[in-house]
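Asker: any chance you could fold what I've pasted below:
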Amino acid sequence: MESKGRQFKQLVNAPEILVQPGIYDGYSARFAQRAGFKTASISGAGVSESRLGWADRGIMTLEDNLANARRLADCTDLLLRADADTGYGNAINVYFTVRAFEKAGMAALMFEDQVWPKRCGHMAGKSVIPAEEMVQKVKAAVDARRDPDFVIVSRTDAAGPLGVDEAIRRLNLYAEAGADCLYADALLSKEDIAKVAKGVPKPLIVNMGLGMRSRKTTPLMTPKALQALGVAAVSYPRLLSTAALKGMMNAMAVFKEEVLEKDRVVDRPDLLVSFDELNELMGMAELDGLERRFLGG
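Answerer: Presented below is the predicted three-dimensional model:
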């Protein structure tokens with residue numbers, strides 16, 4: 001059977017753009033698989049926010065991130081791209097970070113050229129390390145992988161603080177150092193996206209801000225429109241996390257108003273999945289099968 005990395009490479013190099021929903025927990029991972037996606041990106045912001053309760057400002061450690069990635073690989077068949085932030089240190093740390101995430105069952109790993117502690121790519125105040133330092137990180141990542149098809153995604157956050165031309169220059173250096181895919185974050189116009197896509201030699205990944213309208217950010221475009229510009233893959237890192245949070249806010253508002261304030265018994269199936277649907281999504285049938293097989297239930 002082909003390795004996860006090789007399968008991911010085939011998808012990202014296919015003529016049709018690869019669409020990756022952002023996942024962060026068991027609910028989102030299982031739902032993305034049931035929705036028919038073959039691959040997903042683990043949102044570092046989503047993990048930090050949902051698991052730790054803190055914004056994406058470098059609070060999450062390697063062990064926090066790795067443990068969550070391992071759990072997601074264990075509960076789905078999705079080809080997963082993990083987000084390793086800056087690699088948690090210098091090139092030597094990156095070497096061991098790659099080893100750890102590959103062993104955890106990932107198909108691809110992304111890390112970026114921000115200064116630590118990093119920030120979500122669409123937050124103000126970002127700064128980046130020297131390109132030459134990131135090149136050494138990329139070389140360490142490439143050397144560390146056991147499966148030569150394990151996908152190394154090198155991300156630059158230089159477009160905001162240093163301009164699009166510098167982002168392109170850096171991505172070319174990272175490609176030359178051995179990165180399999182390139183990721184340009186926080187591009188602010190359709191023209192910038194097209195310029196980067198045409199200016200780099202490896203598959204380009206961008207993210208779309210559906211669910212991330214906090215400030216001036218990447219313009220919303222459809223996957224087909226991005227494909228026409230030469231983009232190989234697009235991720236939606238906050239689609240599911242912000243939708244889940246909105247759902248919780250809506251349900252809590254009804255609960256407080258109707259049950260706590262008005263003392264009413266309410267039934268709102270429009271706000272909640274059913275108990276049966278929840279169990280079906282979370283693998284109850286498989287657990288029942290194991291019980292029958294091994295316990296005679």
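Asker: packing partners of the helix or strand encompassing residue 154?
Answerer: Here residue 154 sits within strand 151-156, counting by DSSP states H and E. Under the contact criterion of 3 or more CB pairs under 8 Å, 6 or more residues apart in numbering; DSSP states H and E, strand 151-156 touches helix 4-12, strand 108-112, helix 131-144, helix 164-176, strand 181-184. No exception for glycine: its C-beta is placed from N, CA and C like everyone else's.
Asker: after that strand, which helix or strand is next?
Answerer: Per DSSP H and E, strand 151-156 leads on to helix 159-162 as the next helix or strand towards the C-terminus.
Asker: give the residue spans of the stretch 101-250 of the chain that score low on pLDDT.
Answerer: 121, 123, 211-216 (pLDDT under 70).
Asker: redo that, cut-off 80
Answerer: Within the stretch 101-250 of the chain, the ranges that satisfy pLDDT under 80 run 119-125, 209-217.
Asker: can you give me the end-to-end span of stretch 248-266?
Answerer: Length of stretch 248-266, first residue to last, CA to CA, to the nearest Å: 16 Å.
Asker: look up phi and psi at residue 21.
Answerer: phi -70, psi 150 (degrees, to the nearest 10).
Asker: and the strand holding residue 154, how far from the chain's centre?
Answerer: How far strand 151-156 lies from its chain's middle: 12 Å, per CA atoms, centre = their mean, to the nearest Å.
Asker: pairing partners for that strand, with directions?
Answerer: strand 108-112 (parallel), strand 181-184 (parallel) (DSSP bridges).
Asker: tell me the angle that strand makes with helix 4-12.
Answerer: Put simply, strand 151-156 runs at 60 degrees to helix 4-12, going by axes from the mean of the first three to the mean of the last three CA atoms, to 10 degrees.
Asker: residue 220 is nearest to which of the strands paired with strand 151-156?
Answerer: Proximity to residue 220 (CB to CB) singles out strand 181-184 among these, at 16.3 Å.
Asker: which residues are in contact with that closest one?
Answerer: Identification of contacts with strand 181-184 by CB atoms under 8 Å, 6 or more residues apart in numbering yields 12, 108, 110, 112, 151-156, 159, 167, 171, 174-175, 193, 196, 200, 202-206, 232-233.
Asker: same thing but 7 Å
Answerer: Residues from elsewhere that reach strand 181-184, judged by CB atoms under 7 Å, 6 or more residues apart in numbering: 12, 110, 151, 153-156, 159, 167, 171, 174-175, 196, 200, 202-206.
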